[in-house]
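Asks: below are the sequence and a predicted model; questions follow.
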Amino acid sequence: MSTPPAAPPPAAIAQAAALIAEARALVVGAGAGMGIDSGLPDFRGPGGFWKAYPALGRQGLAFEEVASPATFERDPALAWGFYGHRLALYRRTVPHAGFQILRRWGQRMAQGAVAYTSNVDGHFQAAGWNTVAECHGSIHHLQCSRPCSREIWSADDFVPEVDEAACRLVNAPPRCPRCGAIARPNILMFDDFAWAGRRTRDQEAAVDCWLNEKAERLVVVEIGAGTAIPSVRRFGQSLLRAHGARLVRINPHESAVARSEDVALAGPALATLQALELALGSA
């Protein structure tokens with residue numbers, strides 16, 4: 001068994017804690033690395049994806065091939081085998097304690113906090129966060145796969161039954177209530193020109209409104225957001241330019257920052273947040 005990566009050194013933790021303590025507003029930017037400590041799989045590279053979904057590995061199917069609207073057209077049982085398993089997994093997984101640590105920081109700040117995430121698991125909302133922008137959509141919402149309209153609806157009524165050995169859905173897939181076509185998750189997939197992005201746009205508008213009203217002495221705490229799909233990183237960088245924000249980047253593999261006034265913390269999400277919480281408590 002491999003040893004989990006340790007939290008960053010005390011000097012870096014103290015520097016980051018000082019930025020957080022001085023801030024009046026918090027933006028959390030979260031990528032896939034935020035969910036690993038909750039027990040969610042790491043899809044980085046074919047090895048990680050195939051370890052999580054060995055049936056797809058045996059077929060030589062990459063993440064980019066399966067997470068595609070074309071798969072819902074070509075083989076909907078396979079597509080929903082993958083997304084149905086993830087939906088069930090995310091429903092039963094409890095967000096790790098780091099979500100509450102971040103929430104407490106925001107509650108202590110004069111202007112509060114918002115989250116911006118590329119994760120589709122809904123774990124910020126499950127942890128009690130109110131203002132969240134899910135830039136790649138949510139697995140807990142559905143849309144028509146055609147699509148016959150831009151309508152988005154809850155996935156709560158769909159309970160997937162998946163043959164995990166084959167990664168295939170064995171019960172009936174959800175259907176569009178308007179046209180009867182197979183429904184798909186309201187997630188921005190690869191090569192996706194049919195994604196209904198209205199819900200995400202509304203969320204992003206709420207975050208923009210908050211920023212325009214309350215982004216005073218803003219700190220961005222970015223967690224587990226890599227460069228392969230840099231949506232979260234780009235958003236954080238835009239706040240450094242537009243709002244004079246300071247950045248605390250937490251990432252065990254890609255933690256480097258470009259400015260001397262920002263802080264790089266090469267560590268995993270939960271252990272690093274716990275170390276920061278301890279430092280803030282003793283400040």
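Replies: Nice, thanks for sending it over.

Asks: buried residues in stretch 78-94, which are they?
Replies: For stretch 78-94, the neighbour count (16 or more other CB atoms under 10 Å) marks 78-87, 89-91 as buried. C-beta coordinates here come from the backbone N, C-alpha and C atoms, glycine included.

Asks: next secondary structure after the helix or strand bottoming out on mean pLDDT in the chain?
Replies: Least confident element among the helices and strands of the chain, by mean pLDDT, DSSP states H and E: helix 45-52 (a mean of 82). Later in the chain than helix 45-52, the nearest helix or strand by DSSP states H and E is helix 54-58.

Asks: quick one: list the elements packing against that following helix.
Replies: helix 45-52 (3 or more CB pairs under 8 Å, 6 or more residues apart in numbering; DSSP states H and E).

Asks: output the contacting helices and strands for the helix it packs on.
Replies: Using 3+ CB pairs under 8 Å, 6+ apart: helix 45-52 touches helix 54-58.

Asks: let's see that with 10 Å instead.
Replies: Contacts defined by 3 or more CB pairs under 10 Å, 6 or more residues apart in numbering; DSSP states H and E place helix 45-52 against helix 54-58, helix 63-66, helix 76-92.

Asks: pipe those helices into TSV and attach distance to Leu280 per row.
Replies: As requested, the helices and strands packed on helix 45-52 are exported to TSV (distance: least, CB to CB, whole Å):
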stretch	distance to Leu280
helix 54-58	42
helix 63-66	37
helix 76-92	29
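
Asks: tell me, how many residues neighbour Arg234?
Replies: Residues lying near Arg234 (other CB atoms under 10 Å) number 11.

Asks: and it, how far from Asp163?
Replies: Distance, Arg234 to Asp163, by CB to CB, to the nearest Å: 38 Å.

Asks: what of Asp208?
Replies: 43 Å.

Asks: same thing with Leu240?
Replies: 47 Å.

Asks: Val94 now?
Replies: With the distance defined as CB to CB, Val94 ends up 25 Å from Asp163.

Asks: Ala23 too?
Replies: 48 Å.

Asks: where are the low-confidence patches of the stretch 51-200 of the chain?
Replies: For the stretch 51-200 of the chain, no stretch is flagged by pLDDT under 70.

Asks: how about the nearest residue to Gln107, chain neighbours excluded?
Replies: Sequence neighbours aside, Ala113 is the residue nearest to Gln107 in space, at 7.6 Å (criterion: CB to CB, 6 or more residues apart in numbering).

Asks: and for Asn171?
Replies: Glu161 (4.1 Å).

Asks: ok, Pro147 - contacts?
Replies: 69, 176, 178-179, 181, 183-184, 186, 194-196 (CB atoms under 10 Å, 6 or more residues apart in numbering).

Asks: then Gln125?
Replies: Taking CB under 10 Å, 6+ apart, we find Gln125 in contact with 95, 115, 132, 134, 138, 140.

Asks: same thing with Glu65?
Replies: Glu65 is in contact with 56, 59, 71, 74, 190-191, counting by CB under 10 Å, 6+ apart.

Asks: now Arg92
Replies: Contacts for Arg92 (CB under 10 Å, 6+ apart) come out as Gly39.

Asks: quick one, strands of the stretch 51-200 of the chain?
Replies: Taking DSSP state E, counting those that start in this stretch to define them, one finds strands in the stretch 51-200 of the chain at 113-117, 132-134, 137-144, 153-154, 162-163, 168-169, 183-187.

Asks: TSV please, covering those and showing distance to Leu276 and mean neighbour count.
Replies: As requested, the strands of the stretch 51-200 of the chain are exported to TSV (distance: least, CB to CB, whole Å; neighbours: other CB atoms under 10 Å):
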stretch	distance to Leu276	mean neighbour count
strand 113-117	14	26
strand 132-134	21	23
strand 137-144	28	23
strand 153-154	35	13
strand 162-163	38	18
strand 168-169	41	20
strand 183-187	31	26
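
Asks: in a markdown table, list those strands along with distance to Ile36.
Replies: A markdown table is the format used below for the strands of the stretch 51-200 of the chain (distance: least, CB to CB, whole Å):
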| stretch | distance to Ile36 |
| --- | --- |
| strand 113-117 | 14 |
| strand 132-134 | 18 |
| strand 137-144 | 17 |
| strand 153-154 | 27 |
| strand 162-163 | 22 |
| strand 168-169 | 26 |
| strand 183-187 | 19 |
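
Asks: compare those and give me the one nearest Ala275.
Replies: Nearest of the strands of the stretch 51-200 of the chain to Ala275, taken as CB to CB: strand 113-117 at 19.3 Å.
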